[in-house]
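In: here is the input, now give the coordinates:
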Amino acid sequence: MADTSVTLAENLQATADYILRLQLPSGALPWFAGGITDPWDHVEAVMGLTVAGHHQAALKGVDWLANNQREDGAWFAAYQNNAVADDTRAETNFVAYAATGLWHYHLATGDTAALDRFWPMLRKAITFVLGQQAPSGEIYWAVDSRTGTSKDALVTGCSAIYKSLACACHVADALGEDCTWWRSARHRLGDALRNKPERFDRTWESKARYSMDWFYPVLTGVLSGEAATKRINEKMGDLRGAGPWLSLRRGAALGHRGRNLRTHYGLRCRWGERASCHVVSKHSALSARRRRLVDRLCLS
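Out: Prediction:
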């Protein structure tokens, strides 16, 4: 049952309904009918359902995360319903993102009981992620099932983790739990992102040519104020990785040109078959209350 106080534009409502129809009885939210479910896109789909007022379905999605979490706190790269489809690795930014989805749900609903219910899951996930933090502050991108920790880091992935750690600390604060370690780790991660570029892309070709490496440090709050404006302006004349992905993200992120960038979480689909589960549109038809709640998430 959807929250009837939520009103979306017709096209956004159609997207929300599509995501809802994709949800499996287990709570999994696949890329498309018959497709795989990966933890990152699953969490984005949960946030889409939350925005649309499908709160029970969103909780069902979080239940799926809790039910499929590994003992070490991680999730594999992909699933087919409840079966593992890709067991080659666990990606740290995927694992951390559960915190963003859970805090987003709380901001939209005020449901503190859900925070308490899923706290054990969140604590295990963040423990796994921070177990992959290098002494220099960056967080390694993945743990390979065969060879162990892949000791290199991604700017985009670490920027997303930076935001997720903020959300995890908000959850801890709301529950009266200590998160001193998490805050310290986030501080060291932010320092690495801002001041140690040599710690990223050390063992593969640089990802700097991709648009997400450019704007994610701004979008997630790693950079703010003049530093954010400078980063945005430096690349405006040299946009690469163009196409729908960049265009929609620019609509969400670059409209503020680096001034406390905020993303009003709405609903959108990725082009082609993988048409589900993304939540990054500046002009979503949210109620004024929900816009304020989402601002709190994005500015934290």
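In: got the buried residues for the helix or strand containing Ser184?
Out: Element membership of Ser184, judged by DSSP states H and E, is helix 180-195. Of all the residues in helix 180-195, those buried under the rule 16 or more other Cβ atoms under 10 Å are 182, 185-186, 188-190, 192-193. The way it works is simple: take the backbone N, C-alpha and C, and place the C-beta from them, glycine included.
In: for the following helix or strand past that helix, packing partners?
Out: Of the helices and strands lying after helix 180-195 in sequence (DSSP H and E), the nearest is helix 211-219. Helix 211-219 sits against helix 155-175, helix 225-235, helix 244-253, with contacts defined as 3 or more Cβ pairs under 8 Å, 6 or more residues apart in numbering; DSSP states H and E.
In: angle of helix 211-219 against helix 155-175?
Out: Angle between the axes of helix 211-219 and helix 155-175 is 30 degrees (criterion: axes from the mean of the first three to the mean of the last three Cα atoms, to 10 degrees).
In: give the buried residues for helix 211-219.
Out: Neighbour-count burial for helix 211-219 flags 211-219 (criterion: 16+ other Cβ under 10 Å).
In: I'd like those laid out as JSON lines, including distance to Gly48.
Out: Output for the buried residues of helix 211-219, formatted as JSON lines (distance: Cβ to Cβ, whole Å):
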{"residue": "Ser211", "distance to Gly48": "22"}
{"residue": "Met212", "distance to Gly48": "19"}
{"residue": "Asp213", "distance to Gly48": "25"}
{"residue": "Trp214", "distance to Gly48": "25"}
{"residue": "Phe215", "distance to Gly48": "21"}
{"residue": "Tyr216", "distance to Gly48": "20"}
{"residue": "Pro217", "distance to Gly48": "24"}
{"residue": "Val218", "distance to Gly48": "23"}
{"residue": "Leu219", "distance to Gly48": "17"}
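In: quickly note the distance from Asn68 to Asn11.
Out: To Asn11, Asn68 is 32 Å away according to Cβ to Cβ, to the nearest Å.
In: quick one: which of these two has more around it?
Out: Remark: of Asn68 and Asn11, Asn68 carries more neighbours, 20 against 12, as counted by other Cβ atoms under 10 Å.
In: low pLDDT regions in this protein?
Out: 1-5, 237-300 (pLDDT under 70).
In: spell out the residue ranges of the helices in it.
Out: Per DSSP state H, the chain carries helices over the ranges 10-22, 39-51, 55-68, 92-109, 112-130, 155-175, 180-195, 211-219, 225-235, 244-253, 288-299.
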